[in-house]
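In: would you be able to build a 3D model of this:
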Amino acid sequence: MIVKSKTKPLLLRQLEALLNRIPNTHSKRRFIEEDYAKQKAGYKGEKSLEYHLSYLPEKDYYIFHDLRLSASKHYFQIDILILTPFFISILEVKNISGSLYFNPAFTQLVRTIEDKEEGFPDPIQQVKRQAYHLKSWIEEQKFPVLPIEPLVVIGNERSVIKFDPRDKTSPQLVIPSSEIPYKINYFKNKYKTEAHSTGQLKKLINKLKNSHTPLLTEILQRYHIGPAELKQGVQCQKCFSYPMIRIHGRWICSACKHLSKDAHIQSLQEYSLLINQSISNSHAKEYLGIESRDSVKRLLQSISGKKAGAKRGTKYLLDSFIDNPDSFH
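Out: Numbers count the residues shown, from 1 in each chain. Predicted coordinates for the structure are as follows:
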């Protein structure tokens, strides 16, 4: 069964928000678009694996997508974790196109496409490190350690996978996505000793879920962009222009006259992804383009059940947009 489903990565959501708020003529936009394209391709590649994972019997496997855990003060992230009472398999997904050569001598992945070679860090070493960290994490939580089987999954079905003929290890660790059900079934037949009781397994599942810590990148610092360089105001969801104007409890687009009751939600979501996870009344007035302090207060109270500070120092918490982005749609 799917314990933690595949959702749009936080970094991808941040890049989408940034592209929506940064002017088309901005000098950094091209670099942001390139990073966005890479992140989107990776996300699509991982989403495509859901089809192959669906062949695994739900009652036998517990599947986690995008787990980020901390072991010995270091965070590590796992693309896909498959848990059973007998073993764990962790999948590092690479959606890289072209001819892929795994070079064990230099622990490097070499991609050739259109007669151009490009080197990547070795995903085999990467997934082995994740297995090491996961073992440490399980030990720290005082659970019995299960056998851990790391795999590198090539999500692009058109990619050609190549190995050094003398390399006997890498071909056992690297598979195309279509091989996932068969490889997992191989592990199932390999491990016959149950390491966890039903009760222990449930506790481990809950611990994994509750220990997940998403990474919120300081996205503006990453590209050396200041908040003042972003577009201000509420965006029209029909013609995508800025700004909408607040009149009599509704938003009206100054360009196409489209009306909306909740257009401010996306703007505040983007604020939380790009600038801060809390906002004061005065900052919200400026950012949303509303003159009335009372109107801003009502809007913020309607979407945020939590606040910090008192009186004019009050800040409304927007972390719900990070933790549960779909709850406002």
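In: contacts and neighbour counts: CA atoms only from here.
Out: Will do.
In: pretty sure residue 175 contacts residue 156?
Out: No: with contacts counted by C-alpha atoms under 8 Å, residue 175 stays clear of residue 156, the gap being 11.0 Å.
In: which of these two has more neighbours?
Out: Between residue 175 and residue 156, counted using other C-alpha atoms under 10 Å, the more crowded position is residue 156 (22 against 19).
In: my guess is that one meets residue 99, correct?
Out: No: using C-alpha under 8 Å, residue 156 is not in contact with residue 99; the gap is 10.8 Å.
In: could I get stretch 26-36 in PDB with only the CA atoms?
Out: What follows is stretch 26-36, C-alpha atoms only, in PDB (Å, rounded to 0.1, in the frame of the first residue of the first chain):
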ATOM      1  CA  HIS A  26      14.800  39.500 -15.300                       C
ATOM      2  CA  SER A  27      18.500  38.500 -15.800                       C
ATOM      3  CA  LYS A  28      18.100  35.300 -13.700                       C
ATOM      4  CA  ARG A  29      15.000  34.000 -15.400                       C
ATOM      5  CA  ARG A  30      16.800  31.800 -17.900                       C
ATOM      6  CA  PHE A  31      18.700  30.000 -15.100                       C
ATOM      7  CA  ILE A  32      15.600  29.500 -13.100                       C
ATOM      8  CA  GLU A  33      13.800  28.100 -16.200                       C
ATOM      9  CA  GLU A  34      16.600  25.600 -16.800                       C
ATOM     10  CA  ASP A  35      16.500  24.400 -13.200                       C
ATOM     11  CA  TYR A  36      12.700  24.200 -13.300                       C
END
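In: ok, residue 52 - contacts?
Out: Residue 52 makes contacts with 177, 178, 180, 181, as judged by C-alpha atoms under 8 Å, 6 or more residues apart in numbering.
In: of all the residues you listed, which two lie farthest apart?
Out: Spanning the widest gap among the contacts of residue 52 are 177 and 181, at 8.8 Å by C-alpha to C-alpha.
In: picking up where we left off before, how about JSON lines for the contacts of residue 52, with distance to residue 116, pLDDT and secondary structure added?
Out: Listed next are those as JSON lines, based on distance: C-alpha to C-alpha, whole Å; pLDDT from 0 to 100; DSSP: H, G, I helix; E, B strand; the rest coil:
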{"residue": "177", "distance to residue 116": "25", "pLDDT": "95", "secondary structure": "helix"}
{"residue": "178", "distance to residue 116": "27", "pLDDT": "95", "secondary structure": "helix"}
{"residue": "180", "distance to residue 116": "30", "pLDDT": "97", "secondary structure": "helix"}
{"residue": "181", "distance to residue 116": "33", "pLDDT": "97", "secondary structure": "helix"}
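In: state the distance from the residue lying farthest from the centre of the chain to residue 285.
Out: Here the centre of the chain is the reference, and by C-alpha atoms, centre = their mean the most remote residue is residue 248, at 38.2 Å. Separation of residue 248 from residue 285 (C-alpha to C-alpha, to the nearest Å) stands at 16 Å.
In: sorry, back to before: neighbour count winner among residue 177 and residue 181?
Out: Neighbours per residue (other C-alpha under 10 Å) separate residue 177 from residue 181, with residue 177 holding more: 24 against 15.
In: quick one, helices of the stretch 151-300 of the chain?
Out: Using DSSP state H, counting those that start in this stretch, the helices of the stretch 151-300 of the chain run over 170-173, 180-190, 198-211, 219-222, 264-274, 281-288, 293-303.
In: got the contact list for the closest residue to residue 71 other than its chain neighbours?
Out: Distances taken as C-alpha to C-alpha, 6 or more residues apart in numbering put residue 137 closest to residue 71, at 4.9 Å, once the chain neighbours are dropped. Residue 137 makes contact with 69, 70, 71, 72, according to C-alpha under 8 Å, 6+ apart.
In: in PyMOL, select just the buried ones from those residues.
Out: Remark: buried members of the contacts of residue 137, expressed as a PyMOL selection using 16 or more other C-alpha atoms under 10 Å:
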select buried, resi 69+70+71
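In: state the pLDDT value of the one residue sitting closest to the centre of the chain.
Out: Nearest residue to the geometric centre of the chain (C-alpha atoms, centre = their mean): residue 9, 2.1 Å. Predicted confidence (pLDDT) for residue 9: 92.
In: the inter-axis angle of the lengthiest helix in the chain versus helix 180-190?
Out: Ranked by residue count, the top helix of the chain under DSSP state H comes out as helix 29-53. Helix 29-53 and helix 180-190 meet at an angle of 50 degrees, taking axes from the mean of the first three to the mean of the last three C-alpha atoms, to 10 degrees as the criterion.
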